[in-house]
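Trainee: Fold the following, please.
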Amino acid sequence: MDPKLYIIMREDLYDNSPGKMMAQSAHAQADFDAYVETRYASDDAFRTAHLTWCEDRNFGVTLVLSATLNQMQEIRTKVKHSDLTVDPTYPWRNWYGKVFTSNEVTCMWAFVWEDAELEYMRQYDLHK
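Mentor: Have a look, this model is predicted:
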């Protein structure tokens, strides 16, 4: 199977909006890019999969999924090349409209190319 990058958006995060999630998905992509830099010199299988994924661009097939924090933590244990994305200044409003920031897991990335991991990821829905 062809390599895929999954961005998994947290569906149980309070005061969530499409605009915030677009920004958070960009953070996940940046986290993945930083991870790629650390893996290239030491992991030939990863490098080959990443080059296949990119083809002649800087990116390849990326799917955006939806999951709860608990599900994301499970994905992290099942998919070898994955990690959570944490925003230390995630903005949210309480019922009275007061704005706060907190350190929150907002999404994650998972890069897969092995059949078992690709099959595992099929259980998660596309983000709506």
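Trainee: Let's verify the most far-flung residue of the chain relative to its centre: helix, strand, or coil?
Mentor: Of all residues in the chain, Tyr96 has its C-alpha farthest from the mean position, at 31.3 Å, by C-alpha atoms, centre = their mean. State at Tyr96, reduced to three classes by DSSP: H, G, I helix; E, B strand; the rest coil: coil.
Trainee: Which pLDDT value goes with it?
Mentor: Among the per-residue scores, Tyr96 holds a pLDDT of 94.
Trainee: can you check Asn58 too?
Mentor: Among the per-residue scores, Asn58 holds a pLDDT of 86.
Trainee: separation between it and Gln29?
Mentor: Here the distance between Asn58 and Gln29 works out to 10 Å (C-beta to C-beta, to the nearest Å). Any C-beta I mention is one placed from the backbone N, CA and C, and that applies to glycine too.
Trainee: Which one's more surrounded, these two?
Mentor: A side-by-side neighbour count of Asn58 and Gln29, using other C-beta atoms under 10 Å, places Gln29 first with 17 against 7.
Trainee: Quick check: pLDDT value at that one.
Mentor: For Gln29, the pLDDT comes out at 95.
Trainee: Need the contact partners of the host helix or strand of it.
Mentor: With secondary structure defined by DSSP states H and E, Gln29 is part of helix 18-39. For helix 18-39, the external contacting residues (C-beta atoms under 8 Å, 6 or more residues apart in numbering) are 5, 7, 9, 46-47, 50, 62, 64, 81, 83, 85, 87, 91, 106-109, 111, 127.
Trainee: which of the residues in stretch 82-101 are buried?
Mentor: Judged by neighbour count (16 or more other C-beta atoms under 10 Å), stretch 82-101 contains these buried residues: 82-85, 87, 90.
Trainee: Which stretches in the chain count as strands?
Mentor: Ranges of strands within the chain are 4-10, 62-67, 82-93, 99-112, based on DSSP state E.
Trainee: name the helices or strands packed onto the longest one?
Mentor: In terms of contact count using 3 or more C-beta pairs under 8 Å, 6 or more residues apart in numbering; DSSP states H and E, strand 99-112 is assigned the packing partners strand 4-10, helix 18-39, helix 44-54, helix 69-78, strand 82-93, helix 115-121.
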